[in-house]
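In: Below is the sequence, then the predicted model.
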Protein chains: 4
Amino acid sequence: MKEDGRTERASRSREQKRAHILSTAIRVFGKKGFHQTSIADIVDEAGVARGTFYLYFESKSAVFLELLDQLLLHLRQNVVGVDVGAGARPIDEQLLDTVRRILRTAENNRSLATILFREAVGLDADVDRKLREFYGSIHLFLVGSFSEGERLGLTRPLDTEATASCILGSIKQVIEQHLVVDADAVFDIDRFASAIVSYNIRGLMPHTPSN
Amino acid sequence: MKEDGRTERASRSREQKRAHILSTAIRVFGKKGFHQTSIADIVDEAGVARGTFYLYFESKSAVFLELLDQLLLHLRQNVVGVDVGAGARPIDEQLLDTVRRILRTAENNRSLATILFREAVGLDADVDRKLREFYGSIHLFLVGSFSEGERLGLTRPLDTEATASCILGSIKQVIEQHLVVDADAVFDIDRFASAIVSYNIRGLMPHTPSN
Amino acid sequence: MKEDGRTERASRSREQKRAHILSTAIRVFGKKGFHQTSIADIVDEAGVARGTFYLYFESKSAVFLELLDQLLLHLRQNVVGVDVGAGARPIDEQLLDTVRRILRTAENNRSLATILFREAVGLDADVDRKLREFYGSIHLFLVGSFSEGERLGLTRPLDTEATASCILGSIKQVIEQHLVVDADAVFDIDRFASAIVSYNIRGLMPHTPSN
Amino acid sequence: MKEDGRTERASRSREQKRAHILSTAIRVFGKKGFHQTSIADIVDEAGVARGTFYLYFESKSAVFLELLDQLLLHLRQNVVGVDVGAGARPIDEQLLDTVRRILRTAENNRSLATILFREAVGLDADVDRKLREFYGSIHLFLVGSFSEGERLGLTRPLDTEATASCILGSIKQVIEQHLVVDADAVFDIDRFASAIVSYNIRGLMPHTPSN
DNA sequence: TATGAATGAGGGTTCATTCAT
DNA sequence: TATGAATGAACCCTCATTCAT
């Protein structure tokens, strides 16, 4: 039977509908919060039947976990180490780029970011673990970078763990305050990225730059 | 009249019972989280009847709001400006003391802090407003301090708003990471306070200290 | 505090309400069958709120298990061995009494019996196990009785297991056919008890009685 | 016209597919029970699409009704009267053959028999009526046989109705106990048929046979 | 005929809150 | 004031059945 065309089309449509429900869920979760959002809210907004939701997602928690994964994946891709090789671009420029990418990702996924910052913790064991792993891996990455930086003389000696928390917290707070709380204000990525890097760099570098 | 004594005693007892229920609620919320905690959990643990709870608190949200108030009050009391007058103690020492007090308050109210960091956001409109006000006032205070500091030549020119978020985020993250997430580890207040201040000061000061 | 009276009264009332819901459940299950009965049916008929049901019973299955226990207990109490001692009443009279008691128990709990015969099997693992245990213990008891009877020369040599099934089946079928299926007909206990015993005895006795 | 061939083939295939689904349903119902079996279980196991099921059967109940019909037909064919004419084989041999055939039918359709005994009653009105009719007709047949037997002096005077229930119950219980409950044990047809007939005959015959 | 995505009524259960005692 | 039984709205989820392709 030559059903490829049909199957393929169906498959495409399946993907689309799944994506449609997922993006609706993101929007609604972002607007009302996880606990305040009922399956009814999502399916009403998405214009599908109650049961349809369960064709694509196992449960309310499952869809949340999925959109969380999606955001964490985006963010992870933007956290990269700096290139310290000869001929590499200046470190502060590299850092600026990284922070910019992170902020841009957050801005492009404002609903997701809102969810991440407003709801994600304390939801359920799976979500908690996932978040701990995510922040844990970022934390670990920063700790490693500081050790390396110190070895290369790029940073002063630091309490690497505490400092990693400080930097992580800086970025989180900027996103939370200026993207999530002040949801209606424009989010000036360059401004905030510069401020973060400038603030952080000066706190890390062994010598004050001449400028 | 004997009435007075009775009333007073009753009144005292009323306050005590209220406090008893409140502290029980703090404990239970801290252990299980807000949504996972039912009124049944609280009254069972407190050893009072279901209805009694509603004699002292309007609702589940109301009790949460109250314990939130309690924590925010504690914290607010510890955020004080530095004394820049002649003969004042060195600024970094003053800052160190402030951060120490904040961390100590968090440690002394670990359940409350846990709730604050894990549950408070996105709960309901009242809680949200209260948190926004709290962080907003801290933020404002920091912005004001930076302006003043800049005027006095104590800090370099800064994006005051963004930098305020960075500092706030640093402290929040240290508490969240090392007090809430690593709940079983010892929380070395002096170490973390030093790290925070050291990290922040060097990022703020116009000139690198000589050491 | 002298709350004994209140507590006691409350306790009594609690028992009564529980019994009320249970008997309602028996009636409704008996009328509509387990699967066709919803919690809504029971609480509507009992005149209590949905949630009230769950104050007294853990689940729909739990209430079923409980009423099943109740009936099996009644029935078990009526299955007793015959007294073969000197001066004991004639065996057939004793058997007649036993069968009469069983049938009477079934009649007095017609709804329960209906449920037992119409619904109980295949419902869920717990129920299944309980029924298997019940019939198994009856079966075992009969097998033992036959062995003993054979030893005493009271019965002819038999395939004890198969014969136990036959007798058990006889009684079950009489109840099912004449109490459950012909629910509107009068259930003449004496007649059916006599028929069962007469039919069974003659199949078991080593010698045909002279008449 | 080639049409015929195609139609015939299609028709054959239609019948085959129907039979395939039906036998799958029997297997699945027998394994999991009616209520625990979903349409999804059946179509998955059968390897057809959900909608296809409804091309061949009206509903879940309808397919159950049909497989019930199938089993009842098998069983009905095996319940035949004894030949009392001159030169006929001994009555007990004839009865033994009948019981053997019944047990063999049950064994050959173990899934169906399991369904019959574990699920059939209380399912829905149609099934109930069908079962009542079936057992009613067997019952009627036995009652008639006893009347005839009494007239011919082959049986003692009996409460024909009650006794018919007893015999029916014996056979049912043996099947239920030893084929359905002890599903893993070997089902020794000859043994159980002998036991049933021996037990029943001696309970029915006016005189003890000389052996 | 065959498909399988879509439907939506209906299920059992929970729990914050009320209120008669 | 204290009690705890009672309430019932709201929740998440299932699944027999339908229907566009």
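Out: It's in.

In: Could you report the distance from the residue lying closest to A:I115 once chain neighbours are set aside to DNA strand F?
Out: Of all residues beyond its chain neighbours, the one nearest A:I115 is A:F29 (5.1 Å), with distances taken as Cβ to Cβ, 6 or more residues apart in numbering or on different chains. Quick note: C-beta positions are derived from backbone N, CA and C, even for glycine. Taking Cβ to the nearest atom of the strand, to the nearest Å as the measure, A:F29 and DNA strand F are separated by 11 Å.

In: Next up, the contacts around A:V197.
Out: Contacts here follow Cβ atoms under 8 Å, 6 or more residues apart in numbering or on different chains; on that basis A:V197 touches A:92, A:95-96, A:99.

In: Tell me who's in contact with the spatially most central residue of chain A.
Out: What sits nearest the mean C-alpha location of chain A, by Cα atoms, centre = their mean, is A:L75, with 4.1 Å. Taking Cβ under 8 Å, 6+ apart as the criterion, A:L75 is in contact with A:102, A:105-106, A:134.

In: Is it possible to get a markdown table of these that adds neighbour count, distance to D:K17 and secondary structure?
Out: Supplementary listing: these in a markdown table, determined by neighbours: other Cβ atoms under 10 Å in any protein chain shown; distance: Cβ to Cβ, whole Å; DSSP: H, G, I helix; E, B strand; the rest coil:
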| residue | neighbour count | distance to D:K17 | secondary structure |
| --- | --- | --- | --- |
| A:I102 | 21 | 58 | helix |
| A:T105 | 19 | 53 | helix |
| A:A106 | 28 | 55 | helix |
| A:F134 | 19 | 51 | helix |
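
In: Is it possible to get those out as a markdown table so that each row also shows pLDDT?
Out: A markdown table is the format used below for the contacts of A:L75 (pLDDT from 0 to 100):
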| residue | pLDDT |
| --- | --- |
| A:I102 | 93 |
| A:T105 | 92 |
| A:A106 | 91 |
| A:F134 | 89 |
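
In: and which of the residues you listed is nearest chain C?
Out: Of all the contacts of A:L75, chain C sits closest to A:F134, with 38.5 Å by Cβ to the nearest Cβ.

In: Tell me how many other residues crowd the nearest residue to the closest one once chain neighbours are set aside.
Out: Using Cβ to Cβ, 6+ apart and skipping the chain neighbours, the partner closest in space to A:F134 is A:L72 (4.9 Å). Here the neighbour count serves as a burial measure; for A:L72 (other Cβ atoms under 10 Å in any protein chain shown) it reads 20.

In: With the one 5 residues further on instead?
Out: A:Q77: 11 surrounding residues under other Cβ under 10 Å.

In: what helix or strand is it on?
Out: A:Q77 is part of helix A:60-78, with elements assigned from DSSP states H and E.

In: Just the buried residues of that helix, please?
Out: Taking 16 or more other Cβ atoms under 10 Å in any protein chain shown as the neighbour-count basis, helix A:60-78 is seen to contain the buried residues A:60, A:63-68, A:71-72, A:74-75, A:78.

In: Name the spans of chain A whose pLDDT lies under the cut-off.
Out: Flagging of chain A using pLDDT under 70 yields the residue ranges A:1-12, A:118-123, A:203-211.

In: any idea where the helices of it begin and end?
Out: Assigned by DSSP state H, the helices in chain A fall at A:4-32, A:39-46, A:50-56, A:60-78, A:91-108, A:110-118, A:125-151, A:160-175, A:189-204.

In: Was I right to think the residue nearest to A:F134 contacts A:V127?
Out: No: using Cβ atoms under 8 Å, A:L72 is not in contact with A:V127; the gap is 10.8 Å.

In: Looking at chain A, which residue is nearest DNA strand E?
Out: In chain A, the residue that lies nearest DNA strand E is A:G51 (1.4 Å; Cβ to the nearest atom of the strand).

In: Report how many residues lie close to that residue.
Out: Counted with other Cβ under 10 Å, the burial measure for A:G51 works out to 8 neighbours.

In: Spell out which parts of chain A neighbour chain C.
Out: In this structure, chain A does not approach chain C anywhere, judged by Cβ under 8 Å from any Cβ of the partner chain.

In: Walk me through the domains of chain A.
Out: A:1-57, A:60-204 (automatic domain parsing).

In: so which of those is the most packed in?
Out: Each of those was scored by mean neighbour count; the highest is domain A:60-204, a mean of 18, by mean count of other Cβ atoms under 10 Å in any protein chain shown.

In: and the nearest residue to A:I102 once chain neighbours are set aside, how far is that from A:S198?
Out: Taking Cβ to Cβ, 6+ apart, and ignoring the residues beside it in sequence, A:I102 has A:N78 as its nearest neighbour in space, at 5.0 Å. According to Cβ to Cβ, to the nearest Å, A:N78 and A:S198 sit 19 Å apart.

In: Please apply the same query to A:V99.
Out: A:V99 sits 10 Å away from A:S198, going by Cβ to Cβ.

In: Now the common contact residues for these two.
Out: Listed contacts common to A:V99 and A:S198 are nil; contacts here mean Cβ under 8 Å, 6+ apart.

In: Could you measure from the residue nearest to A:E176 when sequence neighbours are not counted over to A:K172?
Out: By the measure of Cβ to Cβ, 6+ apart, the closest residue to A:E176 outside its immediate chain neighbours is A:F117, 4.7 Å from it. A:F117 sits at a distance of 7 Å from A:K172 (criterion: Cβ to Cβ).

In: who's in contact with A:N200?
Out: If a contact means Cβ under 8 Å, 6+ apart, then A:N200 has A:95, A:167, A:170, B:166, B:203 as its contacts.

In: on that earlier part again, give me the angle between the helix holding A:Q77 and helix A:91-108.
Out: 160 degrees (axes from the mean of the first three to the mean of the last three Cα atoms, to 10 degrees).

In: hmm, helix A:60-78 touching DNA strand F?
Out: Yes: on the criterion Cβ under 7 Å from any atom of the strand, helix A:60-78 is in touch with DNA strand F at A:60-61.

In: That helix and DNA strand E, any residue contact?
Out: No: if you take Cβ under 7 Å from any atom of the strand as the test, helix A:60-78 misses DNA strand E, and the best it gets is 12.6 Å.

In: Off-centre distance for that helix?
Out: From the chain centre to the centre of helix A:60-78 is a distance of 8 Å (Cα atoms, centre = their mean, to the nearest Å).

In: Just the C-alphas of that helix, formatted as CSV.
Out: Extracted as CSV, the C-alpha positions of helix A:60-78 are listed here (Å, rounded to 0.1, in the frame of the first residue of the first chain):
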residue,chain,number,x,y,z
LYS,A,60,0.2,18.0,32.9
SER,A,61,3.6,17.5,34.5
ALA,A,62,5.0,15.9,31.4
VAL,A,63,4.2,18.9,29.2
PHE,A,64,5.8,21.1,31.8
LEU,A,65,8.9,19.0,31.9
GLU,A,66,9.1,19.1,28.2
LEU,A,67,9.0,22.8,27.9
LEU,A,68,11.5,23.1,30.7
ASP,A,69,13.8,20.8,28.8
GLN,A,70,13.4,23.0,25.7
LEU,A,71,14.4,26.1,27.6
LEU,A,72,17.3,24.5,29.4
LEU,A,73,18.6,23.1,26.2
HIS,A,74,18.5,26.6,24.6
LEU,A,75,20.3,28.1,27.5
ARG,A,76,22.9,25.4,27.8
GLN,A,77,23.9,25.9,24.2
ASN,A,78,24.7,29.5,25.0
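
In: Now do that helix against helix A:125-151: the angle between them, please.
Out: Helix A:60-78 and helix A:125-151 meet at an angle of 10 degrees, taking the same axes, to 10 degrees as the criterion.

In: do stretch A:160-171 and chain B meet?
Out: Yes: for stretch A:160-171 and chain B, the contact criterion (Cβ under 8 Å from any Cβ) is met by A:162-163, A:165-171.
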